[in-house]
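Trainee: fold the following.
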Amino acid sequence: MLQLGSQLKQVLKNGIRSVAVLHLLPVVGFAQTIYKSDSSHVSFYSKTPIEAIEAHNHASTSLIEMASRSIRFQVPVIGFQFQIKLMQEHFNDGYLDPKQFPYAQFNGKLSDSLDLSIDTTYNVTATGTMKLHGVDRMGVYPGVFTCKDSIATLQTEFKIVLADHGIKIPGAVFDSVAKEVTVKVYFRYVPFRKEE
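Mentor: All right, here's what the predicted structure looks like:
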């Protein structure tokens, strides 16, 4: 547990640097054609008649490249915090294995061109690849952008079927863990400056 705590501190410390590792920074078109997240909240919820499981992560990062309408994010698996620590241990050791698969990632394209400098609200979809537990799945995800004063927020909610990503539920807790979890994503974006 101590090791996971130090890993989480490292992830939080290097948040934006971890995005660069994924080559999320295009070589062209800096200025205000790129928006980066400066805060985030990713959560998931699983409920069965036996147990409800919920976890929250505030260490995720995202970039949007406006010209190509590309959106990318990554979520450090060890960043998920549970109210019950035993659930967190099972999550890390038995289900998602962050040592082998440290990040959940999405790489996609927005359905429409956006101007995040205009105060407005956009309903969009993003089509792309969700990578979780080392397994890529194509999907279409709805979301809402709310823009005000050159700051944009994205909110989305979708479901993930655990079996689609090769996540196995041990027999001992098979009835306690839902086969499908609800994921909520929030990112707050600001214009990216080249000097950053």
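
Trainee: got the phi and psi for Val77?
Mentor: Phi and psi for Val77, reported as degrees, to the nearest 10, are phi -60, psi -40.

Trainee: okay but it is in contact with Leu96, surely?
Mentor: Yes: between Val77 and Leu96 there is a contact under C-beta atoms under 8 Å: 5.0 Å. Bear in mind the C-beta positions are built from the backbone N, C-alpha and C, glycine included.

Trainee: so which of the two has more stuff around it?
Mentor: Counted by other C-beta atoms under 10 Å, Val77 and Leu96 do not tie: Val77 has more neighbours, with 25 against 22.

Trainee: tell me who's in contact with the residue nearest to the spatial centre of the chain.
Mentor: Centroid-nearest residue in the chain, with C-alpha atoms, centre = their mean: Val75, separated by 4.3 Å. For Val75, the contacting residues are Val42, Asn57, Ala59, Ser60, Tyr103, Ala104, Gln105, by C-beta atoms under 8 Å, 6 or more residues apart in numbering.

Trainee: who does the host helix or strand of it pair up with?
Mentor: Element membership for Val75 (DSSP states H and E) is strand 70-76. The strands beside strand 70-76 in its sheet (DSSP bridges) come out as strand 61-65 (antiparallel), strand 103-110 (antiparallel).

Trainee: how about these, which one is nearest Lys179?
Mentor: Closest to Lys179 of the strands paired with strand 70-76, according to C-beta to C-beta: strand 103-110, at 17.7 Å.

Trainee: which one of the strands paired with strand 70-76 lies nearest to Thr120?
Mentor: strand 103-110 (14.7 Å).

Trainee: after that closest one comes which helix or strand?
Mentor: Following strand 103-110 in sequence, per DSSP H and E, is strand 120-132.

Trainee: mind giving me the packing neighbours of that following strand?
Mentor: Counting contacts by 3 or more C-beta pairs under 8 Å, 6 or more residues apart in numbering; DSSP states H and E, strand 120-132 is packed against strand 103-110, strand 135-148, strand 151-161.

Trainee: if we use 7 Å, what do you get?
Mentor: strand 103-110, strand 135-148 (3 or more C-beta pairs under 7 Å, 6 or more residues apart in numbering; DSSP states H and E).

Trainee: of those strands, which is nearest Ile50?
Mentor: strand 103-110 (25.4 Å).

Trainee: the closest one vs strand 151-161, what angle?
Mentor: 110 degrees (axes from the mean of the first three to the mean of the last three C-alpha atoms, to 10 degrees).

Trainee: now find how far off-centre strand 103-110 is within its chain.
Mentor: Mean-position distance between strand 103-110 and its chain equals 8 Å (C-alpha atoms, centre = their mean, to the nearest Å).
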